[in-house]
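Colleague: dropping a prediction and its sequence here:
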Amino acid sequence: MSDIFIGRQPIYDRKLDVFAYELLFRAAHTNRAEITDGDRATSDVIVNAFMEIGLDNIVSTRLAFINLTRSFCVSERAISLPKDRVVLELLEDIEVDDELLQAVERLSGQGYTIALDDFVYHESLKPLVQLAHIVKIDIMALSREDIRSHVSQLRQHPLRLLAEKVETRQDLDFCMNLGFDYFQGYFFAQPKVIHGKRLPNNRLAILHLLSRLQDPDISPKELEDLIAQDVAFSYRMLRYVNSAAFSLPRKIESVHEAVVILGLQTIKTWTILMAMSQVDDKPAELVVTAMVRGKMAELMAKLQGSANPESFFTVGLFSALDALMDNTMQEILTQLPLADHIADALLHHQGVHGKTLQCVLAYERGAWDQIQYDTLTTAQISDCYLSAVEWANEVCRQLMDN
């Protein structure tokens, strides 16, 4: 098992009772965030809170404030977080444009509570303010007079105000007198680092599941069987669906029931997220490369009119297994039952699948003299590659693997 961490800082109401906790990215016991990739940090917080440590173990019955980057906001297939348990907190550096406003309106319409982090008022931000439910003001970043002005402006809207970075009794009294609804800062408590253990992942099962999920005709029974192949993933799903997030009248005891409750799209979303964020000790770019290969091979097969183009996706996706698993392809295939023609394509580049993979790899390396594929033109092959990259990037924007 590997160590996982998450920061938790309480948020208090006017009675100084704990109202909620903000969940913060932490990579170690050290109580500070060292973030180089905001999307990855958001994904880690979500995965660790909901599927590793468990939200109930972190915040009990209280709300959880979760920071969102732009890519998480604008994704139309965002992760299904429980609306009555979370507050979606938009980071202060998010660019505000029509796309973001539409995304926030959509999330609000779905029932999510929206908070604006480290907010500095400007008239151009009024459309965003009108969609928000909570506005957080960093009182260390503004003068007392600016804080009063912000409160006066924001009180024209039906929202609640949260004073953050409250560090002294004087800060608290000042914000109380201005009518702030909530308070957060070192005066009350520094963030606490919660430490847990991540169950080891069956990475082959995750990639296999990711491959099969590309099949639009996959049956619920097939999906359940695939999930059940990975004990750790099955355990996470059951723990999540049995958490207080769903407030179910009885305990869910099987993967079948979990799939019915969570739905196919949510299963796909979580699986991709896990594949992108939890391939231990490997850069996420390796999985991105595998996804681009798979989608490019599939698109080329479709243009050629090949039967079962999904099998070409599998070949491309699994072509990076040796790098991901630190093992030879031959040894890996002894642990992963595949049809002979797929195994031959991966090992020896034989058959139509192997020929497709050869072309994909040649394009990836820029070996232009080796790029040829039956009746497809170079321009068509290039279009397949660009479409595959766009698809992989969209997946990253949806959940980022952040």
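Modeller: Okay, I see it.

Colleague: now do the contacts for Met296.
Modeller: Going by CB atoms under 8 Å, 6 or more residues apart in numbering, Met296 touches Gly316, Val360, Tyr363, Cys384, Tyr385, Ser387, Ala388. Using the backbone N, CA and C atoms, a C-beta is placed for each residue, glycine as well.

Colleague: now, the residues you listed that are in helices?
Modeller: Using DSSP state H, Gly316, Val360, Tyr363, Cys384, Tyr385, Ser387, Ala388 are the members of the contacts of Met296 that sit in helices.

Colleague: returning to what we had before: for ChimeraX, write the selection for the buried entries among the contacts of Met296.
Modeller: Buried subset of these, written as a ChimeraX selection, criterion 16 or more other CB atoms under 10 Å:
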select :316,360,363,384,385,388
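
Colleague: only C-alpha atoms, please: export stretch 45-64 in PDB.
Modeller: This file holds the C-alpha atoms of stretch 45-64, laid out as PDB (Å, rounded to 0.1, in the frame of the first residue of the first chain):
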ATOM      1  CA  VAL A  45      -8.300  15.500  -3.700                       C
ATOM      2  CA  ILE A  46     -11.500  14.000  -5.200                       C
ATOM      3  CA  VAL A  47     -10.200  10.500  -5.500                       C
ATOM      4  CA  ASN A  48      -8.600  10.500  -2.100                       C
ATOM      5  CA  ALA A  49     -11.700  11.900  -0.400                       C
ATOM      6  CA  PHE A  50     -14.300   9.800  -2.000                       C
ATOM      7  CA  MET A  51     -12.600   6.600  -3.000                       C
ATOM      8  CA  GLU A  52      -9.600   6.100  -0.800                       C
ATOM      9  CA  ILE A  53     -10.100   7.600   2.700                       C
ATOM     10  CA  GLY A  54     -13.800   8.100   2.400                       C
ATOM     11  CA  LEU A  55     -15.600  11.500   2.700                       C
ATOM     12  CA  ASP A  56     -17.400  10.400   6.000                       C
ATOM     13  CA  ASN A  57     -14.000   9.700   7.600                       C
ATOM     14  CA  ILE A  58     -12.800  13.200   6.700                       C
ATOM     15  CA  VAL A  59     -15.700  15.500   7.200                       C
ATOM     16  CA  SER A  60     -18.200  13.300   9.000                       C
ATOM     17  CA  THR A  61     -21.700  14.800   8.200                       C
ATOM     18  CA  ARG A  62     -20.500  18.300   7.300                       C
ATOM     19  CA  LEU A  63     -20.000  19.900   3.900                       C
ATOM     20  CA  ALA A  64     -16.800  19.600   1.900                       C
END
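
Colleague: returning to that earlier point: and which of the contacts of Met296 is nearest Lys126?
Modeller: Using CB to CB, Ser387 comes nearest to Lys126 of the contacts of Met296, at 38.7 Å.

Colleague: just give me the neighbour total for Phe25.
Modeller: For Phe25, the neighbour count with other CB atoms under 10 Å is 21.

Colleague: that one touches Val47, doesn't it?
Modeller: No - at 11.2 Å, Phe25 does not count as touching Val47 under the criterion of CB atoms under 8 Å.

Colleague: residues of stretch 253-262 that come out buried?
Modeller: Using 16+ other CB under 10 Å as the test for burial, stretch 253-262 gives Val255, His256, Glu257, Ala258, Val259, Leu262.

Colleague: if you rank every helix and strand of the protein by mean pLDDT, what lands last?
Modeller: helix 264-277 (a mean of 57; mean pLDDT, DSSP states H and E).

Colleague: just say helix, strand or coil for Leu23.
Modeller: Three-state assignment for Leu23 (DSSP: H, G, I helix; E, B strand; the rest coil): strand.

Colleague: okay, and the beta partners of it?
Modeller: Arg8, Ile66 (DSSP bridges).

Colleague: my guess is it meets Ile11, correct?
Modeller: No - if you go by CB under 8 Å, Leu23 and Ile11 don't touch, sitting 11.0 Å apart.

Colleague: what do those two both touch?
Modeller: Common contact partners of Leu23 and Ile11 (CB under 8 Å, 6+ apart): Phe65.

Colleague: which residue of those two possesses the greater neighbour count?
Modeller: Leu23 (26 against 23).

Colleague: how about Gly38: what's its closest non-neighbour residue?
Modeller: Thr69 (4.4 Å; CB to CB, 6 or more residues apart in numbering).

Colleague: give me every residue that touches the one you found.
Modeller: Thr69 sits next to Gly38, Asp39, Thr42, Leu91, Ile94, Met400 when contact means CB under 8 Å, 6+ apart.

Colleague: need those residues in a markdown table (columns: secondary structure and distance to Thr375).
Modeller: As requested, these are arranged in a markdown table below (DSSP: H, G, I helix; E, B strand; the rest coil; distance: CB to CB, whole Å):
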| residue | secondary structure | distance to Thr375 |
| --- | --- | --- |
| Gly38 | helix | 44 |
| Asp39 | helix | 39 |
| Thr42 | helix | 44 |
| Leu91 | coil | 49 |
| Ile94 | coil | 46 |
| Met400 | coil | 37 |
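
Colleague: out of those, which comes closest to Ile137?
Modeller: For the contacts of Thr69, the residue nearest Ile137 by CB to CB is Leu91; the value is 14.7 Å.

Colleague: I'd say that closest one and Leu68 touch.
Modeller: Yes - if you go by CB under 8 Å, Leu91 and Leu68 touch, sitting 6.8 Å apart.

Colleague: which one of those two has more residues nearby?
Modeller: With neighbours defined as other CB under 10 Å, Leu91 and Leu68 compare such that Leu68 has more, 27 against 16.

Colleague: please report how far the closest residue to that one other than its chain neighbours lies from Thr69.
Modeller: Spatial nearest neighbour of Leu68, chain neighbours left out: Leu88 (5.4 Å); criterion: CB to CB, 6+ apart. Distance, Leu88 to Thr69, using CB to CB, to the nearest Å: 11 Å.

Colleague: swap in Met296?
Modeller: Distance of Met296 to Thr69, given as CB to CB: 27 Å.

Colleague: check Arg26 too.
Modeller: Remark: distance between Arg26 and Thr69 (CB to CB) = 17 Å.

Colleague: Gly263 too?
Modeller: From Gly263 across to Thr69, the span is 24 Å (CB to CB).

Colleague: again, but for Glu253
Modeller: The spacing between Glu253 and Thr69, counted by CB to CB, is 36 Å.
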